[in-house]
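> Generate a structure from the sequence data that follows.
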Amino acid sequence: PGGGGGGGEFVEVPVPDHASVSPFGDKLLISLREKWATGGKEYVAGSLLSADREELMSKGGDAELTTLFTPTERCSLDGWDRTKGFLVLSLLDNVIAKNQVWKIDEGGKWVVHSEAGGGEEIRTVSVSAVDPYEGDAMWQTSYSYLEPPTLSLVDASNLGDAGEVLKSLPDQFDSKGLVASQGFATSADGVKVPYFLVRRKDAPTDGSTPTLLYSYGGFEVPLLPGYSAEVGASWLEKGGAYVVANIRGGGEFGPSWHQAALKEQRQRAYDDFYAVAEQLVKEGVTSRERLGIRGGSNGGLLVGNALVQRPELWGAVVCSVPLLDMRRYHLLLAGASWMAEYGDPDTKDWSYLQGYSPYHQVDPSTAYPQVLFTTSTKDDRVHPAHARKMVKRMLECDKGPTSHYYENIEGGHGGAADSKQAAFMTTLVYKFLWDTLSK
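Presented below is the predicted three-dimensional model:
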């Protein structure tokens with residue numbers, strides 16, 4: 001809106017519909033979801049641009065644009081925040097958190113002030129301004145797979161400094177002797193897929209370690225290093241290894257990483273997942289008999305396809321609140337809102353959708369691993385019919401001895417209504433996995 005006193009008018013900013021715009025003093029920041037050709041130049045999806053506000057409003061695409069960030073194949077923009085004197089970009093460099101700090105110099109030009117983070121340290125760091133109009137102080141939250149969150153007070157002018165530690169959560173599990181590392185697997189089409197591996201430092205490489213592989217691969221959601229008391233206490237303390245795969249469909253490398261696995265390209269995400277699994281087996285981290293997988297919601301679709309497409313790869317599968325019937329998903333609850341991600345099965349899209357509709361791919365002649373399906377009667381996002389129908393189909397194919405099912409009558413899409421139910425579901429899942437994979 002223009003003017004003051006509440007009497008201004010709304011005016012349209014001359015940028016593409018897919019772009020988002022934020023103010024920074026007398027400038028506007030423009031974040032691109034898709035490529036934009038303007039002023040004789042082309043800016044790729046995931047870029048962050050800046051323009052003088054008055055010049056952009058008067059000249060539109062002919063205004064001078066300053067590029068603050070251009071994504072690469074391995075580095076993306078995760079977000080940004082501003083303080084009184086600085087603009088702080090939060091980057092993901094090979095899925096490792098990194099900050100780049102910009103300021104406007106005396107001549108009104110953008111310059112890089114400093115960089116912090118990145119490198120070999122596997123950790124997630126997020127910052128937000130205490131008061132963006134009064135100073136440069138920022139809240140910083142830092143955590144890793146092995147260290148609980150720590151809240152610190154830092155200054156945007158020197159983010160490389162540890163700042164003042166204000167509070168740390170207590171350890172929720174014994175991390176002594178555990179190490180986290182990052183690896184890369186080569187997918188079917190040659191793309192390098194990163195993954196994180198957490199295990200004991202002295203873990204054997206003879207394939208004997210029960211290992212849990214987790215991923216999501218959808219809706220541009222990045223899976224970053226994070227502290228999980230559940231994983232730590234229920235799995236790592238027992239001697240298991242835990243793996244997080246950063247497959248396509250997620251947001252680890254910006255919009256292009258997500259868009260690479262949309263609709264008819266969805267199989268790429270699944271191939272990425274299989275590549276990580278195969279590398280874990282090849283390197284002796286685990287074996288097929290001791291490798292379990294877990295996923296929920298869109299991740300349930302992922303492990304559902306892993307079950308029917310590559311059953312020989314897994315010792316156990318946990319498929320939670322999943323999409324499994326891709327012929328009717330758009331008719332159930334919120335399913336219609338996901339057609340931009342998967343496609344419309346009432347059109348020619350069904351020709352590829354049926355290829356990754358697990359319900360339609362169950363084969364009576366195939367031997368499947370032990371699988372646990374979980375859902376919630378009151379799930380208001382992914383209808384419990386997906387899991388119910390899949391189990392019925394498995395039983396019709398005489399897969400009863402390897403098929404297990406639990407439906408909680410409360411809890412919504414999260415699968416549990418309170419802490420007691422959540423604890424029960426956690427215990428159910430990890431007991432199933434450990435009992436199956438540690439035999």
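> Tell me where the stretch 51-200 of the chain has strands.
In the stretch 51-200 of the chain, strands defined by DSSP state E, counting those that start in this stretch lie at 65-69, 75-82, 87-93, 96-104, 110-117, 124-129, 137-143, 150-155, 164-168, 178-186, 192-200, listed in chain order.
> got a markdown table for those, with mean neighbour count too?
For glycine as for every other residue, the C-beta is placed from the backbone atoms N, C-alpha and C. Formatted as a markdown table, the strands of the stretch 51-200 of the chain follow (neighbours: other Cβ atoms under 10 Å):
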| stretch | mean neighbour count |
| --- | --- |
| strand 65-69 | 17 |
| strand 75-82 | 20 |
| strand 87-93 | 21 |
| strand 96-104 | 21 |
| strand 110-117 | 16 |
| strand 124-129 | 20 |
| strand 137-143 | 20 |
| strand 150-155 | 18 |
| strand 164-168 | 11 |
| strand 178-186 | 16 |
| strand 192-200 | 21 |
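> quick one: which of the ones you listed is nearest residue 366?
strand 178-186 (24.7 Å; Cβ to Cβ).
> quick one: contacts of the closest one?
With Cβ atoms under 8 Å, 6 or more residues apart in numbering as the test, strand 178-186 has contacts from 94-96, 122, 144-146, 192-201, 225, 236, 245, 272, 275-276, 278-279.
> Try it again at 7 Å.
By Cβ atoms under 7 Å, 6 or more residues apart in numbering, the surrounding residues in contact with strand 178-186 are 122, 144-146, 192-201, 236, 275-276, 279.
> Now do that strand: distance to the chain's middle.
17 Å (Cα atoms, centre = their mean, to the nearest Å).
> Go ahead and produce PDB holding the CA coordinates of that strand.
Output in PDB follows, covering the C-alpha atoms of strand 178-186 (Å, rounded to 0.1, in the frame of the first residue of the first chain):
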ATOM      1  CA  LEU A 178      28.600 -41.900  18.100                       C
ATOM      2  CA  VAL A 179      29.700 -40.100  15.000                       C
ATOM      3  CA  ALA A 180      27.900 -38.400  12.100                       C
ATOM      4  CA  SER A 181      29.200 -38.300   8.500                       C
ATOM      5  CA  GLN A 182      28.000 -37.400   5.100                       C
ATOM      6  CA  GLY A 183      28.200 -39.600   2.000                       C
ATOM      7  CA  PHE A 184      27.000 -39.500  -1.600                       C
ATOM      8  CA  ALA A 185      25.400 -42.200  -3.700                       C
ATOM      9  CA  THR A 186      25.100 -42.200  -7.500                       C
END
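> contact partners of stretch 219-226?
Stretch 219-226 is contacted by residues 92, 95, 122-124, 143-145, 196, 215-216, 244, 246, 250-252, 255, 258, 298, 341 when judged by Cβ under 7 Å, 6+ apart.
> buried ones in it?
220-225 (16 or more other Cβ atoms under 10 Å).
> Tell me what residue 104 is bridged to.
Beta-bridge pairing of residue 104 under DSSP bridges involves residue 110.
> follow-up on the earlier one: now the buried residues of stretch 219-226 in JSON lines, with pLDDT, distance to residue 308 and secondary structure?
Rendered in JSON lines, the data for the buried residues of stretch 219-226 read as follows (pLDDT from 0 to 100; distance: Cβ to Cβ, whole Å; DSSP: H, G, I helix; E, B strand; the rest coil):
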{"residue": "220", "pLDDT": "96", "distance to residue 308": "26", "secondary structure": "coil"}
{"residue": "221", "pLDDT": "97", "distance to residue 308": "23", "secondary structure": "coil"}
{"residue": "222", "pLDDT": "97", "distance to residue 308": "27", "secondary structure": "coil"}
{"residue": "223", "pLDDT": "98", "distance to residue 308": "23", "secondary structure": "coil"}
{"residue": "224", "pLDDT": "97", "distance to residue 308": "29", "secondary structure": "coil"}
{"residue": "225", "pLDDT": "97", "distance to residue 308": "31", "secondary structure": "coil"}
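> Can you tell me which of the residues you listed comes closest to residue 385?
Nearest to residue 385 out of the buried residues of stretch 219-226 is residue 221 (Cβ to Cβ; 24.0 Å).
> one step back: sort out which of the contacts of stretch 219-226 are in helices and list them.
Among these, the residues falling in helices (DSSP state H) are 255, 258, 298, 341.
> Top of those by number of neighbours, please.
Among the ones in helices among the contacts of stretch 219-226, residue 258 has the most neighbours (other Cβ atoms under 10 Å), with 25 neighbours.
> OK, contacts around that one?
Contacts for residue 258 (Cβ under 7 Å, 6+ apart) come out as 220, 249-251.
> Out of the residues you listed, which two sit at the greatest distance?
Taking Cβ to Cβ as the measure, those have their most distant pair in 249 and 251, spaced 8.8 Å apart.
> Please identify which of those two sits among more neighbours.
Applying other Cβ under 10 Å to residue 249 and residue 251 shows that residue 249 carries more neighbours, namely 29 against 21.
> Correct me if wrong: residue 140 contacts residue 163.
Yes: assessed by Cβ atoms under 7 Å, residue 140 is found in contact with residue 163 at 6.3 Å.
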